[in-house]
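Novice: Prediction below, plus the sequence it came from.
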Amino acid sequence: MQRAGEIVALRALGLSLAQVAGVLKGEAEGLEPALALHQAVLEGAARRLGDTIERVRGLRAKLDSGQRPTLTELTRLQDSTSGLSVEFELPWPWGGEYFRLHDIRPLNYIVGPLGSGKTRLALRLAEVLPSAAFLGLERVLSGDAKARLDADTNLRLRVNHAIDWLVEDGAVASEALIALLIGLEAEGPTILVVDMVEHGLDTPTQQALSAYLRRRMSLERPLFLMTRSAVILDLASIGTGESILLCPANHSPPIRVAPYPGAVGYEAVATCLAAPEVRARTEGVIAWRPQGHVYEDGHLSARC
């Protein structure tokens, strides 16, 4: 029973089963990236806790002065969002409407039917969010994965650590998965916007990736994930650290959709998602676009 508890604790640190076995034998291989990730999570939690303490102190000071805290101030004490917000004019195919997105979550899914403007929204978010980057479908075609891993030892360790986890959970270590992990694990951007996160991944790999993304999600590095996969975006398992952005088919401004039946936009989101084998039938399909519009600002994309 004690050994089982030790295994659970080591897994919670981010160690794969093979690494857990090594640690139990007294080996240290694989500990550095796992401890570095755990340290980053703890430091982020400490910063957020400090911010919350300051808010509580401020509310108590208001009470002492006879002021009554607002409902918004009280509910924010339990908020699991970053507090990061963004405002900008929507690009074509919209008509320049002003778009506001408040309280960005660690995991943010961008969903919509063909031609709804998902990629345009994603590119615009990558432009206006601070220290953000766009990870397009060219990640698979660039062919520079090996060179990047050979040139960056720390990146190679992080990617290999992630692959160990994912393979143990049923994933296939394909070129598409490795290219995606290089983008996810690379240092630099504090916010990453990913085009079709499931691109090139089979069902077991998508299942493992979904669990991996939820395990590593962080307010310090939010992710915006474009997806059409019901495996990546499982509506029944959305947590408090996740949000859904829907680009409606009629090109009305994108909306945040609550993850429960009956919520505005929920059924529309559900109809945009399908199993990977269904989506494979429309792989590479793009929406029609009128002449005179530059498509996706030079980025390769599978749809509008």
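Specialist: Sure thing, it's come through.
Novice: Check the nearest residue to Leu59 once chain neighbours are set aside and give its pLDDT.
Specialist: Nearest non-adjacent residue to Leu59, counting by Cβ to Cβ, 6 or more residues apart in numbering: Pro69, 4.7 Å away. (Glycine included, C-beta is placed from N, CA and C.) If you check Pro69, the pLDDT there is 82.
Novice: repeat for Arg221
Specialist: Here the pLDDT value assigned to Arg221 is 88.
Novice: In the record's domain split, what are the boundaries for the protein?
Specialist: The chain resolves into domains spanning 2-78, 86-298 when parsed by automatic domain parsing.
Novice: can you give me phi and psi for Glu242?
Specialist: The phi/psi pair for Glu242 (degrees, to the nearest 10) reads phi -130, psi 150.
Novice: contacting residues around it?
Specialist: Arg105, Pro106, Leu107, Asn108, Tyr109, Arg214, Met217, Pro259 (Cβ atoms under 8 Å, 6 or more residues apart in numbering).
Novice: Derive a ChimeraX selection command for the buried subset of those residues.
Specialist: A single ChimeraX command suffices to select whichever of the contacts of Glu242 are buried according to 16 or more other Cβ atoms under 10 Å:
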select :105,106,107,108,109,217,259
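Novice: Can you give me the distance of the residue nearest to the spatial centre of the chain to Glu277?
Specialist: A centroid search over the chain (Cα atoms, centre = their mean) returns Leu223, at 3.2 Å, as the residue closest to the centre. To Glu277, Leu223 is 25 Å away according to Cβ to Cβ, to the nearest Å.
Novice: cool, Val231 as well?
Specialist: For Val231 relative to Glu277 (Cβ to Cβ), the value is 10 Å.
Novice: And for Arg139?
Specialist: Arg139 is 23 Å from Glu277, where distance means Cβ to Cβ.
Novice: likewise Leu31?
Specialist: Per Cβ to Cβ, Leu31 is found 39 Å from Glu277.
Novice: burial count for Val140?
Specialist: Counted by other Cβ atoms under 10 Å, the residues lying close to Val140 total 18.
Novice: now swap in Lys146 and tell me
Specialist: Using other Cβ under 10 Å: Lys146 sits among 11 other residues.
Novice: Contact partners for Ile110?
Specialist: Lys118, Leu121, Ala122, Phe224, Leu225, Met226, Thr227, Leu245, Cys247, Pro254 are the contacts of Ile110 under Cβ under 8 Å, 6+ apart.
Novice: can you check Pro261 too?
Specialist: Taking Cβ under 8 Å, 6+ apart, one finds Glu267 in contact with Pro261.
Novice: Could you look up the SS state of it?
Specialist: Following DSSP: H, G, I helix; E, B strand; the rest coil, the label given to Pro261 is coil.
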